[in-house]
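Trainee: Dropping the sequence and predicted coords here.
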Amino acid sequence: MSGYIEAGYISVFSVLTLYGGSLIIRVRKTEKKLPDLTEEKKD
Amino acid sequence: MDLIVDFQNAVFVTGNFPLLTGVTMSVGRGEIVHLKGANGSGKTSLLRAIVGLIPIASGKAVVLGHDLNMDRFSVREEAALLGHKTFLYDDLSIYENLRFVQRIFRKPKKVVGLCMSQVGIGEKLAKTKVSHLSAGQRKRTSLAALLIKEASLWLLDEPHAGVDEDGRALIDGLITDFRLRGGTVLMASHELERAVLVSDKSFTVSGGAVTDEENYKLGNKTASTLSLPGGDFYSRSANGVFSVSSPGSGVKAVFGGQTGPTGTGNTDVA
Amino acid sequence: MLRDAFLVCEKDLRIELKSKIIFNQVLPFGMVVMLLFGLAIGKFDSNSLVTASGSLSNGGALKSAAAGLFWIAVMLSAVIGVQRSFAIENQDQARDALRLSALDPAGIFLGKAGALLFQLVVLEVIIAFGAVFLFGMHIATVWFFCLAAFLATLSLVAVGVVYGALTSGARTKETLLPLLFFPVIAPVLLSATKACEAAIAGTPSSGMIWIEVLLAFAFCYLALGTVAFGPLLEE
Amino acid sequence: MSEVNFAAIPQVFSKRAETATKIIGVLALLSLIATVWLGLFVTPPDQFMGNLVRLLYVHPPIAWVMFVAYGVAFLSTLLYLWPRTRDLRFDRLAGASSEVGVIFTGLTLLSGSIWGRPTWGTWWTWDPLLTTTALLFVMYLGYLALRRLPGDPETRAKRSAIGGLVAFIDVPIVYFSVLWWKSLHQAPTVLDPVTGKTYIHGSMAYTLLLGFVAFTLLYVYFVAKRYRLERLKYLYDRVLLDEAIQERKREAADFKAYGADKKSLVPTAFAENGPALGDARFFGTEEESVVGGGEAGR
């Protein structure tokens, strides 16, 4: 395969991974600031 | 007495900062109220809130019969705010600034000259750019703008700050004059002696709320006299009664004592 | 509403008359931009370098790009004009005075837009003369050029005043305004350039479609600004 | 500590919504892996484009997600602006969807450019679609910057809604003006690699379809996460605001207790809480009056 395909796949999926990862981390971090919130809302 | 300002636990917030954390207060028609409090306690916010510049977050707030929860805009036409900033365009002359104000509020043109002379701005000074003025002169200009608006409620934020002795006397005179015409005033001021001289009562603002109320009418302040622009004298006796008198015709009006503000010619309280 | 617009417009123009900021600072800035274009693009034009003796022989590159360069110079000046227009209101919290004045927000929008329109049109006339002299731009159909320029300026002003109000409260307004303004104004740049090229070539009929785009754009954003300006002032 | 009554706050993300988000995330991941595997190793090379056809399974789905994202953002902006449906939830959705949209716009440009180089021989061409996409990218970067400006939630929402509307009105104008611009000039003939000349083989069609599904699922997952983040931030700001209010009330109480001479009157809430946002409109804790009340805030 020509290098373009690898470049395309790798760049697309690395950007998506980075964005998704940062999103998940940011959500976790904010959740930690509000500990009682995530616990209490089960009921 | 009908209420001009009626706040019940009113909360005003900007961003994450609570400007006012629950204000409960009422001001009746014709009252001159002095707002006391440390820097940052919320005096300026309170004045801005009353005039409808800050959206209300919760509670009840009625000013001049307009519910601020419903309508923050009608108040703006009927109340006038003398800000810590003077709201003037630096590049225009005093006259041009005042002309703009006069035209906004659809007043006759002659009002501009009248108001300028009332605050002691001469014709020569009127042509000066506002950016060249001293703080005191700027204050006088914005006072003239306040007069032009002919509002029934004045909100004065530190009117005495940065003004010379003549200017302070002028401001006090204007306030008293305004009271004669049935006006209501809320005034934030650090100048205790001057504020006590003209006010009926004080609210203490701290932590974004009104925490204390003191009635100046009940007295134990020293007597003092003030000359008004028209040649009249304004005096405050030791028992907290205000009176306005002119050299020719004697006492014109009396406030304070037990009766509250009364009209011209009422002379029997003192 | 129109009375209020007139009041605000007159006030803004009077301030400009007194302070001459647009005239003394923005106009020279536009001139500098024009000169820089000449330096940056004229350099690649070997003809004008070789025939240095032929005094005013400006070559093809600048001449063919003249309309576009003219509009870029105008746009850059327009951003500064918008910033100035709102700097006026921010000095000494005059913005609060406007809010307290109970003027119709739509009137304030139209007034500020009108004042800016007038200033920009004057600016464009001078920059256009600059383009004629510096780039050898020759306008065959002047009325068409004027029409295109007026419509494009209308759009510039409408978008500019909306975004000016949108960002004027922010601490980062100097950087944010161009970022918001330029992409949105891109179709205006494109249409205005094409229409002006048609005017330069003397073929107004081929530029008519661009006049239509400019019209649509100006209409959309003037309408939007008139409606949206009230909430924008209330920040 | 904070006195926010969390039970009183309407919960947007129920347990069920959270589980659904997780399931969608897993599905998205699985289908993406399947798409990559099928696209890179299983499907045959195209008879015209050769192996380059493998980018077909990535680029069009990403572009599709971009359109969906902006469409959702636009719709929710409209819903926010419409007085009857005005709700901060729509503002949040608009913000979340346009942020994801910006990411996918960037990827569209990137993958398109990588595909264009070997196909057309150039990284970039001033094709209407490309130009519009590029402008859209910059425009929405500006929109996101506008969203980040401080202010209370309602103000910010209104401001962003107007900014978003301005940007969105622009999209068709940009597209048509660039289209006419190119058609007036002799445009370099850009061949659309998807239409006409390509035979879509059976397995290729399935893979492409799977690609669309996978990226759409990913979009939904991202937006759900981003929405949740926005919501959490909002709640956190309200906690901060609540603390600031309590702080100020305490200040007022101190004043009552110690009188005007006390030094600690300077509000401390300013210094302690950095800039953040909040809204007191939904507070359930404002019942007790501050005036005359020394009990507030302990």
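Mentor: It's in.

Trainee: what about B:V13, helix or strand, and which?
Mentor: According to DSSP states H and E, B:V13 maps onto strand B:3-14.

Trainee: Could you list every helix and strand in contact with that strand?
Mentor: Using 3 or more Cβ pairs under 8 Å, 6 or more residues apart in numbering or on different chains; DSSP states H and E as the contact test, the elements touching strand B:3-14 are strand B:17-28, helix B:43-50, strand B:56-63, strand B:184-188. (Each C-beta comes from the backbone N, C-alpha and C, glycine too.)

Trainee: Quick one: these as a markdown table, columns for distance to chain A and mean neighbour count too.
Mentor: Putting these into a markdown table (distance: least, Cβ to the nearest Cβ, whole Å; neighbours: other Cβ atoms under 10 Å in any protein chain shown) gives the following:
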| stretch | distance to chain A | mean neighbour count |
| --- | --- | --- |
| strand B:17-28 | 19 | 24 |
| helix B:43-50 | 28 | 24 |
| strand B:56-63 | 21 | 22 |
| strand B:184-188 | 37 | 26 |
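
Trainee: sorry, back to before: pairing partners for the strand holding B:V13, with directions?
Mentor: Sheet partners assigned to strand B:3-14 using DSSP bridges are listed as strand B:17-28 (antiparallel), strand B:56-63 (antiparallel).

Trainee: Now do the longest one and helix B:43-50, the angle between them.
Mentor: What separates the directions of strand B:17-28 and helix B:43-50 is an angle of 70 degrees, with axes from the mean of the first three to the mean of the last three Cα atoms, to 10 degrees.

Trainee: Could you identify the helix or strand that succeeds strand B:17-28?
Mentor: Sequence order places strand B:32-36 as the next helix or strand after strand B:17-28, per DSSP H and E.

Trainee: Strand partners (parallel or antiparallel) of that following strand?
Mentor: Each strand pairing with strand B:32-36, determined using DSSP bridges, is listed with its direction: strand B:184-188 (parallel), strand B:201-206 (parallel).

Trainee: related to what we said a few turns ago, now the strand holding B:V13, how far from the chain's geometric center?
Mentor: Its chain's average C-alpha position is 18 Å from that of strand B:3-14, according to Cα atoms, centre = their mean, to the nearest Å.

Trainee: In chain A, which helix is the longest?
Mentor: Ranked by residue count and defined by DSSP state H, the top helix of chain A is helix A:3-33.

Trainee: Please say whether there is contact between that one and chain D.
Mentor: Yes - counting by Cβ under 8 Å from any Cβ of the partner chain, chain D has neighbours in helix A:3-33: A:4-5, A:7-9, A:11-13, A:15-16, A:19-20, A:23-24, A:26-27, A:30-31, A:33.

Trainee: Repeat that for stretch C:91-107.
Mentor: No - judged by Cβ under 8 Å from any Cβ, stretch C:91-107 stays clear of chain D, getting no closer than 12.5 Å.

Trainee: So for that stretch, mean pLDDT?
Mentor: The predicted model gives stretch C:91-107 an average pLDDT of 84.

Trainee: contact partners of that stretch?
Mentor: When contacts are taken as Cβ atoms under 8 Å, 6 or more residues apart in numbering or on different chains, the neighbours of stretch C:91-107 outside the stretch itself are B:51, B:53, B:73, B:76-77, B:80-81, B:83, B:85-90, B:101, B:104-105, C:1-5, C:7-8, C:88-89, C:108, C:168, C:226-227, C:229-230, C:232-234.

Trainee: that older thread, for the strand holding B:V13, list every residue counted as buried.
Mentor: When neighbours are counted by 16 or more other Cβ atoms under 10 Å in any protein chain shown, the buried residues of strand B:3-14 are found to be B:L3, B:I4, B:V5, B:D6, B:F7, B:N9, B:A10, B:V11, B:F12, B:V13, B:T14.

Trainee: what's the following helix or strand after the strand or helix carrying D:G71?
Mentor: Here D:G71 is covered by helix D:59-81, with elements defined by DSSP H and E. Beyond helix D:59-81 on the C-terminal side, the first helix or strand identified by DSSP H and E is helix D:88-120.

Trainee: surely B:R72 meets B:G52?
Mentor: Yes - the criterion here is Cβ atoms under 8 Å, and B:R72 meets it with B:G52 at 3.6 Å.

Trainee: of the two, who's got more company?
Mentor: The neighbour comparison of B:R72 against B:G52 (other Cβ atoms under 10 Å in any protein chain shown) goes to B:G52, with 26 against 21.

Trainee: if we can go back for a sec, does chain C sit close to the helix holding D:G71?
Mentor: No - using Cβ under 8 Å from any Cβ, we find that helix D:59-81 stays clear of chain C, coming within 9.2 Å at best.

Trainee: Quick one: list the elements packing against that helix.
Mentor: In this structure, helix D:59-81 packs against helix D:88-120, helix D:128-147, helix D:153-184, helix D:202-258, with contacts taken as 3+ Cβ pairs under 8 Å, 6+ apart.

Trainee: Now mean neighbour count and distance to B:I175 too, for the ones you listed, in CSV please.
Mentor: Output for these, formatted as CSV (neighbours: other Cβ atoms under 10 Å in any protein chain shown; distance: least, Cβ to Cβ, whole Å):
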stretch, mean neighbour count, distance to B:I175
helix D:88-120, 22, 44
helix D:128-147, 21, 44
helix D:153-184, 21, 35
helix D:202-258, 21, 27
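
Trainee: As TSV, those with mean pLDDT and distance to D:L30 would be great.
Mentor: Conversion of these to TSV gives the following (pLDDT from 0 to 100; distance: least, Cβ to Cβ, whole Å):
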stretch	mean pLDDT	distance to D:L30
helix D:88-120	92	20
helix D:128-147	90	29
helix D:153-184	83	34
helix D:202-258	86	8
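
Trainee: Moving C-terminal from the helix or strand that contains C:A148, which element do we reach first?
Mentor: Assessed by DSSP H and E, C:A148 sits inside helix C:142-167. Beyond helix C:142-167 on the C-terminal side, the first helix or strand identified by DSSP H and E is helix C:173-201.

Trainee: how far off helix D:153-184 does that following helix point, in degrees?
Mentor: Comparing the axes of helix C:173-201 and helix D:153-184 via the same axes, to 10 degrees yields an angle of 20 degrees.
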